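Trainee: Sequence first, then the predicted structure:
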Number of protein chains: 2
Amino acid sequence: MNTAEAINRLNDLELKEFAYGHAMGILSFDDETVAPKGSYIPRGKTMGVLSELSYKLTTGDEAMGLLDWLKEHVDELSDEDRRRVEIRDKRSRQLRAIPVEEYVAYSELINEASNVWREAKNNSDYKLFEPYLGKIIDAQKRFASLVAPDMDPYDYCLDQYEEGLTQDKCEEFFGSLREHIVPLLEKIKAAKPIDTSFLEVSFPVSAQRELSKKLMELEGLPEENCILGEVEHPFTTGFSKYDMRITTHYYENNFLSSMYSVIHEGGHALYDMHSDDRFVFTSLEGGVSMGVHESQSRFYENIIGRSREFVTLIYPELIRLCPKLAAHSAEELWRAANVARPSLIRTEADELTYPLHIMVRYEMEKAMMKGEVNTSELPEMWNGLYKEYLGIDVPDDKNGILQDSHWSGGAIGYFPSYALGSAYGAQLLAKMGESLDVRETVKKGDLKPVNDWLEERIWRYGCLYKPAELMERAFGGPFDPKYYTDYLERKFGEVYGL
Amino acid sequence: MNTAEAINRLNDLELKEFAYGHAMGILSFDDETVAPKGSYIPRGKTMGVLSELSYKLTTGDEAMGLLDWLKEHVDELSDEDRRRVEIRDKRSRQLRAIPVEEYVAYSELINEASNVWREAKNNSDYKLFEPYLGKIIDAQKRFASLVAPDMDPYDYCLDQYEEGLTQDKCEEFFGSLREHIVPLLEKIKAAKPIDTSFLEVSFPVSAQRELSKKLMELEGLPEENCILGEVEHPFTTGFSKYDMRITTHYYENNFLSSMYSVIHEGGHALYDMHSDDRFVFTSLEGGVSMGVHESQSRFYENIIGRSREFVTLIYPELIRLCPKLAAHSAEELWRAANVARPSLIRTEADELTYPLHIMVRYEMEKAMMKGEVNTSELPEMWNGLYKEYLGIDVPDDKNGILQDSHWSGGAIGYFPSYALGSAYGAQLLAKMGESLDVRETVKKGDLKPVNDWLEERIWRYGCLYKPAELMERAFGGPFDPKYYTDYLERKFGEVYGL
């Protein structure tokens, strides 16, 4: 075998991996959007078959032989191929550590758990979901012990979503956030309250659909390669740069909810669909980590979407679609869209209190993975932390511990990446400001220079660099959460006239 | 190996086949309903990978060894397992005759051709689709020569959709239909015309969606296991009895179009989802042939749905959803829904002229498969046959040869099953009438006795019997198209007062 042949075989292997992932991804997307309830039975079977296949492909003798050959000939490889080998090596070591039966059983558990969680949430019935959550925690602990026996189990989880992230880093980061957010919130409490009651205006769902179209156009999402689905819990999924799916949920009396979820998910899609063409159908395509992903989505949602310039830009369209809104000015709308007020639901939370919701989940996950709490005690812990961090009482589990889908899908360790992404985003804004008048370009309704800047420094690299390296290259220096806390203080100072 | 072990291995094999088919089916459903246009690129890759996998599974050494063992021990098998072996044997012989590269290339061709056809149809541009149609015809001829070298190639195609159907049988059947339909149409031409203009009333799409829900409920389709999607060209697909998908298309000024497509596709879904529980995830689950399938869908659409009793039953709901309709009586609506009038589009054709549309396609397919016509001459041939059979001029290819999706999906030989199914349906009605007052039960709005009758005699058997045997058992005698022509003469005599 020579290098060219080996790379051809690697391409074949990764195309097959793509195909299995694509098929499973479409099954999940279908599940979330349209599938009938009873479909979980056949879907469970098919997911089981496909995940076994995928496991065997990635860890089988052929793939491992190829990987060994490539590792021996690493000096002959391009930087890109060397990174592919590194990614594969990590993935196959992780997978091989988990026996195939456990891997398949876990995939079936997740399929079932998602359904049960949905029902549990609808009925605010934590007891129904509890045994599944227990099994998921056990599986994560077991996987951590198999894959990385020398690592703290929760650090293992964090690393799955943001390579290199640890509890030490989280503690430091969250500590610095609390230090700034808590006094800022105190000041806001003392300031003149912002009227948000007019946001509950009845905004017909059909008009909101039109608004979504306009937003996607503004954000630069091509219809040809990106659709918008309607789901209970918005998310983004994609199958190569040619096929991205963002989703939203419409509430007639809360148009901002879907407006900002479309912008947020659109940021994820932009990132995923702008990998260099050479990376398509390889393990280099798409976003490198959830932290970087959230930096893009939350950059669009909050830094762009909740800016005075953007709200002013979209205002004429809003009053065209919902004339009753015209009783309030663009400036009033901007303030209302940025109200900072402790609340129950993470996805509806404002930019300032949002990280507090994340810290609650971080504390919960840490305790779960350390085995410091029984599953039966989790709702009480959740409610206690909401009281402590946000000062509010949780009325029921539907609005409490059952609100997010993440744990039901096995995603423990994902949440911290949301807060990290917000901080990345603020530092990107500072850097972007050195070469681009961001406010001015948003004002003109032209987001292309922003997209171009991000494509040039982040998107096109796909998974070529590890997250921390990618961000340092983009920042032109180390990550510093001060950009984020400065940004928050400046912005909310402006919003509240502090 | 003993019999129990062999059957376990057979179950595993069929579960895997189900899973691959399920994944490919969901990819297609997603394509038809929501996927962005550009998705054909990744979908083509994934379809290629999955169809190769499926091919190798079905024809691989392990499957063939198992099949050989089972064939040697056929006396030890239950009737059901014997039939599974027979189905597998036929399928594997067919597949093995086609080299894997050709099989995969064909699956990629079909994925591409479906996209091209859609664009060609939208632009009424046959030239765009022509090379794909040419390749599909060539592939079908080639497959016929490989799989069944001693068989006429078009007979091979017919047998794919209705085991045992041949051109001889078609000629005889269609001859007998023409003999009755042509003079009946002449009589209708001389009769007092029926007013149908009020059917073009504006019926809001949202109200039509509500109507669909009601229709599905009436027909006995459980929400838990059957959803309704919106597509350009309605179809039904299913992934075991737990997950069926029917689809429709709404036209604001033609509510009957979606009303009858929902009832029609619902008939397919009912059949597919009522196989005996023992057959789930095996090759015995689901409908046995397209002819029997169409007998169920067209039975619901025409025999039930276009009956005076059904129209009278649904009338109050129709005028509730579209009050303007109240200017016309249920009796007028029933007549208008049964007008017989040569028209351009098969799927919109009335019950009486419908078989003529099928005969056009039958003649076209015969000529294509015999190589008697170049692809460039096909539109002219189409238009000539429409003039000859239906007496109408085709204005463009969009309303002519490009109207149906079938050929773009490789389905040559499928169309005759629609006419055959209609005839099966009429004979089933006659048999059903011996033990059930069909008109009376429809009148009461209770379709359960009809469903029970069909489940007992058709649905529950899945693929256990060959189509002809299944129908003979249900009829209690041989198939006779006279039931169909009698039914048409009686019904249209009533509609037109002949």
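Mentor: Perfect, thanks for sending it.

Trainee: Helix, strand, or coil at A:V394?
Mentor: Per DSSP: H, G, I helix; E, B strand; the rest coil, the secondary structure class of A:V394 is coil.

Trainee: Could you check how far it is from A:E388?
Mentor: 12 Å (Cβ to Cβ, to the nearest Å). C-beta here means a position set from N, CA and C on the backbone, and glycine is covered the same way.

Trainee: Counting neighbours, go ahead and name the busier of these two.
Mentor: Comparing A:V394 with A:E388 by other Cβ atoms under 10 Å in any protein chain shown, the one with more neighbours is A:V394, at 20 against 12.

Trainee: for the residue sitting nearest the centre point of chain A, what are its contacts?
Mentor: Computing the C-alpha centroid of chain A and ranking residues by Cα atoms, centre = their mean puts A:E294 first, at 5.0 Å. Contacts here follow Cβ atoms under 8 Å, 6 or more residues apart in numbering or on different chains; on that basis A:E294 touches A:S417, A:Y418, A:L420, A:G421, A:S422, A:Y424.

Trainee: redo that, cut-off 6 Å
Mentor: Shown in contact with A:E294 (Cβ atoms under 6 Å, 6 or more residues apart in numbering or on different chains): A:S417, A:Y418, A:G421.

Trainee: Can you tell me which of those has the most neighbours?
Mentor: A:S417 (25 neighbours).

Trainee: ok, back up a step: which SSE is the residue nearest to the centre of chain A in?
Mentor: Element membership for A:E294 (DSSP states H and E) is helix A:290-298.

Trainee: After that helix, which helix or strand is next?
Mentor: helix A:308-321.

Trainee: contacts for that next one?
Mentor: A:207, A:210-211, A:214, A:304, A:325-326, A:330, A:333-334, A:337, A:439, A:442-443, A:445.

Trainee: how close does the closest residue to chain B within the stretch 201-350 of chain A sit to A:E217?
Mentor: Proximity to chain B, evaluated over the stretch 201-350 of chain A using Cβ to the nearest Cβ, is greatest for A:D243 at 3.7 Å. Per Cβ to Cβ, A:D243 is found 18 Å from A:E217.

Trainee: Kindly report the same for A:T58.
Mentor: 39 Å.

Trainee: Contact residues of chain A facing chain B?
Mentor: By the rule Cβ under 6 Å from any Cβ of the partner chain, the part of chain A lying against chain B is A:16, A:19, A:22-23, A:26-27, A:30, A:34, A:36-39, A:41-42, A:46, A:49, A:224-227, A:239-240, A:242-243.

Trainee: So which of these sit within strands?
Mentor: Among these, DSSP state E puts A:C226, A:I227 in strands.

Trainee: does the closest residue to the residue nearest to the centre of chain A other than its chain neighbours sit in a helix, a strand or a coil?
Mentor: Setting aside the residues directly before and after it, A:E294 is nearest to A:G421 in space (Cβ to Cβ, 6 or more residues apart in numbering or on different chains), at 2.5 Å. State at A:G421, reduced to three classes by three-state DSSP: helix.

Trainee: unless I'm mixing things up, A:G421 is touching A:R298, no?
Mentor: Yes - in terms of Cβ atoms under 6 Å, A:G421 counts as a neighbour of A:R298; the distance is 5.2 Å.

Trainee: check contacts around A:A144.
Mentor: A:P153, A:Y156.

Trainee: so where's the stretch 1-150 of chain A uncertain?
Mentor: Along the stretch 1-150 of chain A, no part satisfies pLDDT under 70.

Trainee: now the strands for it?
Mentor: Taking DSSP state E, counting those that start in this stretch as the test, none of the stretch 1-150 of chain A falls into strands.

Trainee: which residues in it form helices?
Mentor: A:3-33, A:40-59, A:61-72, A:79-96, A:100-122, A:126-147 (DSSP state H, counting those that start in this stretch).

Trainee: How far away from the center of its chain is the first one?
Mentor: By that I understand helix A:3-33. Taking Cα atoms, centre = their mean, to the nearest Å, one finds the center of helix A:3-33 at 21 Å from the center of the full chain.

Trainee: count of neighbours near the residue nearest to A:E365 when sequence neighbours are not counted?
Mentor: Nearest residue to A:E365, sequence neighbours excluded (Cβ to Cβ, 6+ apart): A:I412, at 5.3 Å. When counting by other Cβ under 10 Å, one arrives at 28 neighbours for A:I412.

Trainee: what's the answer for the one 3 residues further on, then?
Mentor: Burial of A:F415, expressed as a neighbour count using other Cβ under 10 Å, amounts to 25.
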